[in-house]
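**Student:** okay, here's the prediction I keep looking at, along with the sequence it came from:
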Amino acid sequence: MEVVRQFNITYPVKWTKDGRDGTRWPIIGRAFEGKKGNITLQIDAIPLNFDGKLVLFEIEEDAEKGATRQTALPLRGALPPADEDVPF
């Protein structure tokens with residue numbers, strides 16, 4: 001499949017600390033758009049306490065630096081890379 005665009009799959013987690021409210025967006029997978037408009041989802045984790053809402057953030061490549069810009073924060077090393085086997 002030729003990939004046209006890539007997205008991080010995230011979900012909103014509301015938080016309150018020291019009287020301030022906010023939302024964080026843990027990454028739970030990736031989505032890939034093909035050249036025919038089809039979208040393939042690769043979900044690496046299923047959130048336990050969420051309202052069923054998933055949000056896609058497009059991953060944009062910085063052409064000058066050759067790097068990708070993440071639009072959401074990843075989980076802190078909780079998931080192995082997708083090409084590795086889970087040891088259980």
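**Tutor:** Now that the structure is in, tell me what you want to look at.
**Student:** kindly export the helix or strand hosting I28 (C-alpha atoms) in CSV.
**Tutor:** Per DSSP states H and E: I28 is located in strand 27-34. Taking Å, rounded to 0.1, in the frame of the first residue of the first chain, the C-alpha atoms of strand 27-34 are listed here in CSV:
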residue,chain,number,x,y,z
ILE,A,27,-1.0,8.0,21.3
ILE,A,28,-2.5,4.5,21.0
GLY,A,29,-1.8,3.7,17.4
ARG,A,30,-1.3,4.9,13.8
ALA,A,31,-3.5,5.4,10.8
PHE,A,32,-2.4,5.3,7.2
GLU,A,33,-4.2,6.8,4.2
GLY,A,34,-3.7,5.1,0.9
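**Student:** the chain: strands as residue ranges?
**Tutor:** Taking DSSP state E, the strands of the chain run over residues 3-10, 13-17, 20-24, 27-34, 39-43, 55-62, 67-69.
**Student:** N49 is nearest to which of those?
**Tutor:** With respect to N49, and counting by CB to CB, the nearest of the strands of the chain is strand 13-17 at 8.9 Å. C-beta here means a position set from N, CA and C on the backbone, and glycine is covered the same way.
**Student:** tell me what the closest one is packed against?
**Tutor:** Packing contacts for strand 13-17, counted by 3 or more CB pairs under 8 Å, 6 or more residues apart in numbering; DSSP states H and E, involve strand 20-24.
**Student:** contacts for the strand it packs on, please.
**Tutor:** 12-16, 73 (CB atoms under 8 Å, 6 or more residues apart in numbering).
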